[in-house]
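Peer 1: need a structure here:
(4 chains)
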Number of protein chains: 2
Amino acid sequence: MPLEIPEVVIERLPVYARALAALQARGLDVVSSQELGDQLGVTPAQIRKDLSYFGRFGKQGRGYNVNRLMEELHQILGLDRTWSMVLIGVGQLGRAILQYGGFGPQGFHVIEAFDASAETVGEMIGPLTVRDVSELGAVLRHRHVDIGIVSVPGENAQRVIDTLVAGGIRAILNYAPIAPQVPSGVHVRQIDPVLSLQSMTYYLKGNTASAAK
Amino acid sequence: MPLEIPEVVIERLPVYARALAALQARGLDVVSSQELGDQLGVTPAQIRKDLSYFGRFGKQGRGYNVNRLMEELHQILGLDRTWSMVLIGVGQLGRAILQYGGFGPQGFHVIEAFDASAETVGEMIGPLTVRDVSELGAVLRHRHVDIGIVSVPGENAQRVIDTLVAGGIRAILNYAPIAPQVPSGVHVRQIDPVLSLQSMTYYLKGNTASAAK
DNA sequence: TTCTGTGAACGGATTCACAGCA
DNA sequence: TGCTGTGAATCCGTTCACAGAA
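Peer 2: Okay, here's the model as predicted:
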């Protein structure tokens, strides 16, 4: 399982892991690439090929053991541990993210929150006291942080991202509506519902009642 | 500009449009594919090729007129009008979406909100009174709705999506952590920060300090 | 027989490279 | 000279199809 696994493959693995968790919850213990594919709208060949980058997890004639495959995927993806995150930008959006209950159960924890506004700095949100964004660099030096979440206005996002990168952060979840510049080796995922809407309207205009994806 | 423009191309157009808006705000009136590409981390050739699907908007030796190109893109994408949306699922996440100020300025308006819980139904949120989700089908029949936003728990998401589709909705922004099944011709965009995080951790584990995207 | 793992074939998107216009 | 528009070449991910293990 050497170098050069396509990034698209990596992005599909968590989808598989989630589907397996659902099967596990239903008590299933074997699943074929066909069944998994039907559920996810992916071809069986793609699932088999994707998994084959990492090993031979299936049994010919039977399929994949659900528990086993789940464990393997968790290990591959690093989901068998917890990850610490900082959030920058405690506005409406940032608060919603902090309040969101979906990260914790998956092992993702926000351990510090930052904002630039004097009103917000010092405020307590859940267990966190909002710190001034000017302290971000220093905090990154002193605490172990894996991931940065950026929820500041677009105008400030690149600056914040530069600080994260300078502080050694190599994974960023960016909610700001910009295409950030980062050095290679730093991974960014963009959460941008407006862009999503704006690309769907193309099809609504009737340009093509084309296939869904 | 006939059939079969790749979907990836369509997804990049809003990115270009946004970058052009920024240039416009700065008073620039001409931009080359090179400059635009630098800003967005896209190759100039790709920008030219993408745009060439729709027409010849540039001037050789000069570049693209910012205003002109913006207008063209808006027309192509249907951003020169407003779009009406319904939201289903007025929990924490749904409230955050309703509160979010980023949709309106881009012409996207939530005109009805629905929930299943008796406590929430009837509540007023901004200008909207939350309706019972059982009325969703009827509302889709009586009001013009372009897009559905789904922010219900995963267990209920497929059912809600089926109702939207049955009601003629062809574009869905789905925040629920499932891979929905929709007939071809219905477009879905997934907003799923947990999946985004779970794919980045692969690289953090050191599998490859590979290039960022 | 069933379903995996995988090399080979395919298809489609990206990049190249250059002709042509301003 | 500078930069677009675009066929051709390339690259890369997906699908095919089948050998082989249970």
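
Peer 1: for chain A, what lies in contact range of DNA strand D?
Peer 2: Applying the criterion CB under 7 Å from any atom of the strand, the portion of chain A that neighbours DNA strand D consists of A:6-9, A:42-43, A:45-46, A:48-49, A:59-62. Yep, even glycine has a C-beta here, placed from its N, CA and C like the rest.

Peer 1: so which of the residues you listed belong to helices?
Peer 2: By the criterion of DSSP state H, membership of these in helices covers A:7, A:8, A:9, A:45, A:46, A:48, A:49.

Peer 1: filter those down to the ones close to DNA strand C.
Peer 2: Within the set of those, contact with DNA strand C (CB under 7 Å from any atom of the strand) is found for A:45, A:48, A:49.

Peer 1: need those in TSV with pLDDT, can you?
Peer 2: Conversion of those to TSV gives the following (pLDDT from 0 to 100):
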residue	pLDDT
A:45	98
A:48	98
A:49	98
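
Peer 1: run through chain A and note the low-pLDDT ranges.
Peer 2: A:1-3, A:207-213 (pLDDT under 70).

Peer 1: all helices of it, in order?
Peer 2: Using DSSP H, the helices found in chain A span residues A:7-25, A:33-40, A:44-52, A:66-77, A:92-99, A:136-142, A:154-166, A:193-204.

Peer 1: any idea of the angle the second one forms with helix A:7-25?
Peer 2: To tie it back to what came earlier, the one meant is helix A:33-40. Direction vectors for helix A:33-40 and helix A:7-25, defined by axes from the mean of the first three to the mean of the last three CA atoms, to 10 degrees, enclose an angle of 90 degrees.

Peer 1: so which bits of helix A:33-40 are buried?
Peer 2: A:33, A:35, A:36, A:37, A:40 (16 or more other CB atoms under 10 Å in any protein chain shown).

Peer 1: equivalent analysis for the first one, please.
Peer 2: Judged by neighbour count (16+ other CB under 10 Å), helix A:7-25 contains these buried residues: A:7, A:9-20, A:23.

Peer 1: nearest to DNA strand C, of the buried residues of helix A:33-40?
Peer 2: Taking CB to the nearest atom of the strand as the measure, DNA strand C sits nearest to residue A:33 out of the buried residues of helix A:33-40, at 3.9 Å.

Peer 1: how much space between the closest residue to the closest one other than its chain neighbours and residue A:24?
Peer 2: Once its chain neighbours are removed from consideration, residue A:33 has its nearest residue in residue A:44; the separation is 3.9 Å (CB to CB, 6 or more residues apart in numbering or on different chains). When CB to CB, to the nearest Å is the yardstick, residue A:44 and residue A:24 sit 20 Å from each other.

Peer 1: equivalent analysis for residue A:181, please.
Peer 2: Using CB to CB, residue A:181 is found at 41 Å from residue A:24.

Peer 1: also residue A:106?
Peer 2: 15 Å.

Peer 1: so which bits of chain A are right by DNA strand C?
Peer 2: If contact is defined as CB under 7 Å from any atom of the strand, the residues of chain A in contact with DNA strand C are A:32-34, A:44-45, A:48-49, A:51-52, A:56-64.

Peer 1: pull out the buried residues from these.
Peer 2: Among the residues of chain A next to DNA strand C, those classed as buried by neighbour count (16+ other CB under 10 Å) are A:32, A:33, A:48, A:51, A:58, A:63, A:64.

Peer 1: show me what the fifth one bridges to in the sheet.
Peer 2: Same thing as residue A:58. Beta-bridge pairing of residue A:58 under DSSP bridges involves residue A:64.

Peer 1: OK, contacts around it?
Peer 2: Contact partners of residue A:58, counting by CB atoms under 8 Å, 6 or more residues apart in numbering or on different chains, are A:33, A:48, A:51, A:64.

Peer 1: residue contacts, the residue nearest to residue A:139 when sequence neighbours are not counted?
Peer 2: With CB to CB, 6+ apart as the criterion, residue A:139 has its nearest non-adjacent residue at 5.8 Å, and that residue is residue A:112. If a contact means CB under 8 Å, 6+ apart, then residue A:112 has A:86, A:87, A:128, A:131, A:139, A:143, A:145 as its contacts.

Peer 1: is the first one in contact with residue A:138, as I believe?
Peer 2: No. The pair residue A:86 / residue A:138 is not scored as a contact, 11.9 Å apart, by CB atoms under 8 Å.

Peer 1: so those two - more neighbours on which side?
Peer 2: residue A:86 (24 against 11; other CB atoms under 10 Å in any protein chain shown).

Peer 1: beta partners of the more buried one?
Peer 2: When bridges are called by DSSP bridges, residue A:86 pairs up with residue A:112, residue A:148.

Peer 1: distance of it relative to chain B?
Peer 2: Taking CB to the nearest CB, to the nearest Å as the measure, residue A:86 falls 13 Å from chain B.

Peer 1: what's near enough to touch that residue?
Peer 2: Contacts for residue A:86 (CB under 8 Å, 6+ apart) come out as A:110-114, A:136, A:139-140, A:145, A:147-149, A:164.

Peer 1: wait, what's in contact with residue A:148?
Peer 2: Contact partners of residue A:148, counting by CB under 8 Å, 6+ apart, are A:85, A:86, A:87, A:88, A:160, A:161, A:164, A:169, A:171, A:172, A:173.

Peer 1: quick one: contacts for the last one?
Peer 2: With contact set as CB under 8 Å, 6+ apart, residue A:173 has these partners: A:85, A:147, A:148, A:149, A:150, A:188, A:189, A:191, B:193, B:196, B:197, B:200.
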